[in-house]
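Trainee: What would the 3D arrangement of this be:
(2 chains)
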Amino acid sequence: MLFPAGPAAQGIATLWWWMFWGGAAIFALMLALFLWLLLRPAAGQGIPARWWIVGGGLVFPLPVLAALTGAALWLGEGTLGGTAPTRIEAEARMWQWQFRYPDGSATTDVLHLPAGRDVEIVVTSPDVIHSFWIPRLGGKIDAIPGHANRIVLRADAPGEYGGVCAEYCGTGHVDMSFTAVAEADWGRE
Amino acid sequence: MTPIRRHKELDRIWRTAPGWGRLAAVNHTVIGKRFMLTALVFFAIGGLLAMLIRIQLASRQSEFMEPGTYAQVFTMHGTIMMFLFAIPFFEGLAMYLLPKMLGARDMAFPRLSAYGYWCYLFGGSILIAALLMGAAPDAGWFMYAPLSSATYSPGINADIWLLGITFVEISALSAAVEMLVSILMLRAGGMSLDRMPIFGWYMLVVAGMMLVGFPPLILGSLLLEAERAFGLPFFDPTRGGDPLLWQHLFWLFGHPEVYIIFLPAAGVLSTIIPVFSRHRLVGYRAIVAAIVAMGFLSFGLWVHHMYATGIPHLSLSFFSIASALVAVPTAVQIFSWLATMAAGRPRFSIPMLHVFGFMFVFVCGGLSGVMLAMVPFDLQAHDTHFVVAHMHYVLVGGFVFPMMAAAYYWLPHMTGRQPVQHLSHAAFWTIFAGFNLTFLGMHLTGLLGMTRRVHSYDDPWWEVLNFISSMGGFVTTIGFALLALDLILLMLFGRPFRRDPWRAGTLEWAMPTPPPSYAFASIPMGDADGPSLAAGKGLLATPRGEMETLGVDPLTGRPEQIVILPKPTFLPLLTALATGGVFLSLLFKLYLLAPVFAVAVVALFLRWTAAMPAPAVLDAGQGLMLPNHRAARLPPSLLAMRFIIAADGAAFASLVFGAGFLAISAPGWPPADWPGFGWPAWVAVAGALAALALPGRALMPQVVTVAGFAAILWHMEGVQDHAAPASLAALATWGAVHAGIGAVLAGWAAGQEDKRLSVQWQRYAALVTVVAATFPLLLRLLAEGAA
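Mentor: All right, here's what the predicted structure looks like:
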């Protein structure tokens, strides 16, 4: 996640770094306040109670939360959902991945992607719940028996990216990894 | 009467007999301590499992445990810490403290406390026995179907979780009812709700949340067990079920659960911080508003555990906003504490050191929680070690550190000895350093892509981070060992003290320590201090041979009745043993034996009602004549019945929601042919209407209703083929059981003068029957509307 290789992952990484520095600042502020009041008794006696509770409990968090949630929703609109003309079917089963391409070909535990292009991946499962995740390309989506879930991903450059099953699915869970290979000339349409 | 003689007479009435008599204990001080001690034993077992996990993950490709064993270990670690440590521990603390803080001599239903304790002990023991025999649950602590269904978990492991935890949850529900009634009715004379110690408010909200939060989990467990044992396909997508239904029911409980664990700890902080700031709590009303808001909000967030399940975008946005908003009431509380510290002159003491631990760790966990509320980020971090780290920051920061503060603060109350404080600082700093060493770096491990619940990995960088976490884990364990040693030293060698070593001012310190069995020599009325209470200057100062405490008007605290509590008895133990018989026969699939034990449970519960005092008006002292609870306008049992019906209603609503959810969103609907109830439904409805019209004479009507539902179930076909008939069978069973309870209650009430308890139930059972009997129509409308 910290080394994004596609637009979805890139957006999330940017969001993370904003939240990280913002969170670190708030954390430092809270702890400084607490220690100041504890180690310097009578230091805060001039500040009326209302200032603390209304200021700290409402005025401070509400705009911060509103800005953050707004930004995250906006980011979500841009990167989640949506569709793409190129569609790959991913079937997760205990404990391997099978990928089927528009031209009818299929591969096991290796996912071939066109580089620099949006792909829609439709994720299903015939047995238990699994979860499809290529950390460097974007978020995850669960493979739930009886449902077909989709996610749109893009690899900016050709290369190999690791993928895993992220939902515990039994004793073979660890071995259920796959490799996503982004190719400049894909040729599976 | 001298204070000494009053003490001797009261103690003779209230004390728990030694030897075997201990098994008959019902006293809140005794039961509360048992809950806490048992929870600590489970905490130690859960901690041991955590160490096994850290050994396994300390190096790459570790061969320490096989995947199957590892699955049992991580499943049991989560299960034990949540269900067998955190919840029972605060239940015990609340049971011990609430009557003493509120000015009562015991909880409202002492036998229910004891029954809850035995259910907890027996249910927990089933889980631990399974762990020792290598048959522990292994599908993760939230037991996602279909991995936990009979196809993919054929052994007894999953049944142990579903039945064992349900058995334990009896204690959570009974504690919820008991806390609600005790807080609302058993207080000092004149203590109005808005002057109640803040801990009472926290526990009032927590108990309300438990009352409606646990039923969805219990219902989900029963449905999954019905699928595993009898093939009713509620969660099987090939037969009209849906795995997502389990997730909804589980997190509908599971998210409020986090706040159910945090709020008691926050209540402790709201009690302790003012004492050490030498100033009353600032923002009492703001805090009450915040915790009530938190209680409501926490039921609107459960989907944030399910962002990756393909739920429509718009609902994700709603749940994301609600999840971020819950930070506001948290901030209100934290800033009220800071305001209290600012207004007073804080002094440093061991409990305050742990309050510092709370601030550091919990604020960190709260901030990562806000991050996870953001949908895009959660889709990356979900199911990774980032979430594992976040959750431990929240639960250890928001529960364990405050509970350690509570231990140093109230252990002197339980033992009558003051802290020695040789090891206290060392223990705190070891735990604090070890904890952060374990979990701070784990955020990074998760961000680098390590998913949770894996038993091995390849990346050398992950190995560095995991090794640091494992070392931190062992340091934490050493810290907890030091803490245990420190507390044991306190109990053995602490200096005895007179009263109120912290100069606290809440009522629990207005009694000798360790507390006498009767807690208060006389019940406080208005402003009261310890010596005057011992001298009998409160209410109910003259022992009459019965266990008496004061019942007040819930809102104003005006004295209204004298509640006469039951003496120690073996009935709770026997009833819990019979209840255990029901669960064990279900567990070992001895389905003919289960009804036998169920009948025994009912018979034993009816025995509880024997030997009730006759209605009377008694002298409460200070010139006050009050009715005893049998003659009162609103006796505690009637209020309890309303709460029980509320909890049952929450479970019933979950069942109706579940069936409706399947009809609308599960694959494979509508079913090939629609099952109906036919004419027996009219019989059931006729019985229900008669019970509504004649709630005082509902025995025959309810028997008719039971017969109607029995006929429905007898004719029911295809319950294993599709979730539609399975859901209808579940509703019919629900109706039959409730009408059956109605019949038993009506039969019992026939011999009673006061039939109000039975009447309440008859009305509710009639409503259940009408909904259940007409449900086929509603389900069909839903399914065809959705199609």
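Trainee: Going by C-alpha atoms from here, please, whenever you check contacts or count neighbours.
Mentor: Noted.
Trainee: What backbone torsions are found at A:Ala66?
Mentor: Dihedral angles of A:Ala66 (phi, psi; degrees, to the nearest 10) stand at phi -60, psi -50.
Trainee: Around it, count how many other residues there are.
Mentor: Other residues near A:Ala66 come to 14 when the count uses other CA atoms under 10 Å in any protein chain shown.
Trainee: Quick check: it vs B:Gly751, distance?
Mentor: 61 Å (CA to CA, to the nearest Å).
Trainee: can you check A:Asp127 too?
Mentor: Counting by CA to CA, the gap from A:Asp127 to B:Gly751 is 56 Å.
Trainee: where along the stretch 551-700 of chain B do the helices fall?
Mentor: In the stretch 551-700 of chain B, the helices defined using DSSP state H, counting those that start in this stretch lie at B:571-587, B:593-608, B:636-665, B:680-693, B:699-715.
Trainee: As CSV, the ones you listed with mean pLDDT and mean neighbour count would be great.
Mentor: CSV is the format used below for these (pLDDT from 0 to 100; neighbours: other CA atoms under 10 Å in any protein chain shown):
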stretch, mean pLDDT, mean neighbour count
helix B:571-587, 97, 21
helix B:593-608, 95, 16
helix B:636-665, 95, 20
helix B:680-693, 93, 23
helix B:699-715, 95, 23
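Trainee: would you turn those into CSV with distance to chain A?
Mentor: Shown next, in CSV, are the helices of the stretch 551-700 of chain B (distance: least, CA to the nearest CA, whole Å):
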stretch, distance to chain A
helix B:571-587, 22
helix B:593-608, 31
helix B:636-665, 10
helix B:680-693, 33
helix B:699-715, 28
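Trainee: How about the helix or strand B:Val361 falls within and chain A, any contact?
Mentor: Using DSSP states H and E, B:Val361 falls within helix B:350-373. Yes. With CA under 8 Å from any CA of the partner chain as the criterion, chain A is reached by helix B:350-373 at B:Phe356, B:Met359, B:Phe360, B:Val363, B:Cys364, B:Leu367, B:Ser368, B:Met371.
Trainee: Excluding sequence neighbours, find me the nearest residue to residue 110.
Mentor: Just going to use chain A. Nearest non-adjacent residue to A:Val110, counting by CA to CA, 6 or more residues apart in numbering or on different chains: A:Thr179, 4.9 Å away.
Trainee: Chain B was what I was after
Mentor: B:Val26 (5.0 Å).
Trainee: okay, now the closest residue to chain B within chain A: neighbour count?
Mentor: Using CA to the nearest CA, the closest approach of chain A to chain B is made by A:Gly57 at 3.9 Å. By other CA under 10 Å, 24 other residues sit near A:Gly57.
Trainee: what do you get for A:Trp95?
Mentor: By other CA under 10 Å, neighbour count at A:Trp95 equals 18.
Trainee: ok, which residues in the stretch 101-250 of chain B are in contact with chain A?
Mentor: So far as CA under 8 Å from any CA goes, the stretch 101-250 of chain B lies against chain A at B:Ala139, B:Gly140, B:Tyr144, B:Ala145, B:Pro146, B:Leu147, B:Tyr152, B:Pro237, B:Thr238, B:Asp242, B:Pro243.
Trainee: got those as CSV, with neighbour count, secondary structure and pLDDT columns?
Mentor: Formatted as CSV, those follow (neighbours: other CA atoms under 10 Å in any protein chain shown; DSSP: H, G, I helix; E, B strand; the rest coil; pLDDT from 0 to 100):
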residue, neighbour count, secondary structure, pLDDT
B:Ala139, 28, coil, 93
B:Gly140, 23, coil, 93
B:Tyr144, 22, coil, 95
B:Ala145, 24, coil, 90
B:Pro146, 25, coil, 93
B:Leu147, 23, coil, 94
B:Tyr152, 15, coil, 93
B:Pro237, 24, helix, 93
B:Thr238, 17, helix, 93
B:Asp242, 29, coil, 95
B:Pro243, 24, helix, 95
